[in-house]
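Q: attaching a predicted model along with its sequence, questions to come.
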Amino acid sequence: MSPLAIITVDLADTGGEPGRSAAFLVLLAFLCSFGFIRTSARLTRSVSWWPGGVETEGGVHLHHLVWGIVLILVTGFAAFATDLESPWWQILSIGFGVGAGFTLDEFALWVRLQDVYWAEEGRASLDAVILAVVFAGLVVLGIRPYGLDDSGSILGTAVWVVVTVGLAGITFFKGRILLGLLALFFPILAGTWGAVRLAKPDSPWARRRYGPEKLARAEHRFRPDRRSARLSRDFLNAIGGAPSEPDPPKG
């Protein structure tokens, strides 16, 4: 049976109670809202007839992350403050997923506090969306961070949590974000692999721990013209659109 079929069965067998079913609805709504809003942004960029964003009479452009934040706050508060029954928890799950999709699509804007949506820095939004999808997908499949579902002793669980967080932390500091996220769920495989691999040259790990020779190796390994980098760039362009060319220097 496929994972999607297993999840569908789980949705049918919950007896009206949220759980992994709610996580599945959040993920599905997240993907749909991100796909819609990114498509809308690309149409606004390329054609004149698409309505585009919302602008106040005073000329203030209300980015869609504003609506996303409002949705997250309203649905999150309602979920915590009420004793939900079907179909209300399904409705709130969908609303939360839509809000998260709108918000993370402009992740780079609320990190940098400036409109970099179509700039190279705006690629951080796509990275955040991919990480969120991977994390949510693992949760929907019933996979928990290693050690948190351990029914053994408290000491054993604590040791595993420390090992997991340690390996994932090293991987994150090496600039390998997706691998670091996977290390939280699979520390022995992904965590060990990420901890021993070469760090990205612009990562905190490389800047603080690498000498000139090893830093040169990292720069060569992660050079922009390598095949994997080109494939990744083409993939992100297909999802989110190519970034705009930077403005030429003045003077």
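A: Structure received.

Q: list the buried residues in stretch 97-110.
A: For stretch 97-110, burial by neighbour count (16 or more other CB atoms under 10 Å) applies to 97-109. Backbone N, C-alpha and C define where each C-beta goes, glycine included.

Q: to clarify, my last question referred to stretch 87-99.
A: 89-90, 92-99.

Q: just stretch 198-217 next, same as before
A: Using 16+ other CB under 10 Å as the test for burial, stretch 198-217 gives 198-201, 203, 205-206, 210.

Q: thinking again about what came up before, of all the buried residues of stretch 87-99, which comes closest to Val133?
A: Nearest to Val133 among these is Gly97, at 11.1 Å by CB to CB.

Q: how about the contacts made by the closest one?
A: 25-30, 32-33 (CB atoms under 8 Å, 6 or more residues apart in numbering).

Q: so can I have TSV of those showing secondary structure and pLDDT?
A: As requested, these are exported to TSV (DSSP: H, G, I helix; E, B strand; the rest coil; pLDDT from 0 to 100):
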residue	secondary structure	pLDDT
Leu25	helix	93
Val26	helix	94
Leu27	helix	94
Leu28	helix	95
Ala29	helix	96
Phe30	helix	96
Cys32	helix	96
Ser33	helix	96
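
Q: just the strands in this protein please.
A: 54-55, 61-62 (DSSP state E).

Q: lowest average pLDDT across those?
A: Across those, strand 54-55 has the smallest mean pLDDT, namely a mean of 71.

Q: which residues does that strand contact?
A: 61-62.

Q: run the chain-centre distance for it.
A: Computed by CA atoms, centre = their mean, to the nearest Å, the chain-centroid distance of strand 54-55 equals 26 Å.

Q: direction included, what does that strand pair against?
A: Sheet partners assigned to strand 54-55 using DSSP bridges are listed as strand 61-62 (antiparallel).

Q: quick one: the partner strand to chain centroid distance?
A: In terms of CA atoms, centre = their mean, the centre of strand 61-62 is found 24 Å from the chain centre.

Q: now for the contacts of Gly97: which two are most distant?
A: Taking CB to CB as the measure, the contacts of Gly97 span a maximum distance of 12.0 Å, between Leu25 and Ser33.

Q: just give me the neighbour total for Phe30.
A: A count of nearby residues for Phe30, using other CB atoms under 10 Å, gives 25.

Q: please begin residue numbering at 279 from this point
A: I'll keep to 279 as the first residue from here, and by that count the last item is Phe308.

Q: ends of stretch 456-473, how far apart?
A: Across stretch 456-473, the terminal residues are separated by 13 Å (CA to CA, to the nearest Å).

Q: list the buried residues in that stretch.
A: 457-465, 468-473.

Q: what residues does it touch?
A: With CB under 8 Å, 6+ apart as the test, stretch 456-473 has contacts from 408-409, 412-413, 416, 421-425, 438, 441-443, 445-450, 452, 454, 475.

Q: 10 Å - rerun?
A: 405, 408-410, 412-413, 416-417, 419, 421-426, 438-439, 441-452, 454-455, 475 (CB atoms under 10 Å, 6 or more residues apart in numbering).

Q: show me which of those are buried.
A: Using 16+ other CB under 10 Å as the burial test, the contacts of stretch 456-473 include 408-410, 413, 416-417, 423-425, 438-439, 441-443, 445-452, 454-455 as buried.

Q: check contacts around the closest residue in space to Ala357 that isn't next to it in sequence.
A: Excluding its sequence neighbours, the residue lying closest to Ala357 (CB to CB, 6 or more residues apart in numbering) is Leu370, at 5.1 Å. Contacts of Leu370 were listed using CB under 10 Å, 6+ apart, and they are 296, 300, 303-304, 349, 352-357, 360, 362.
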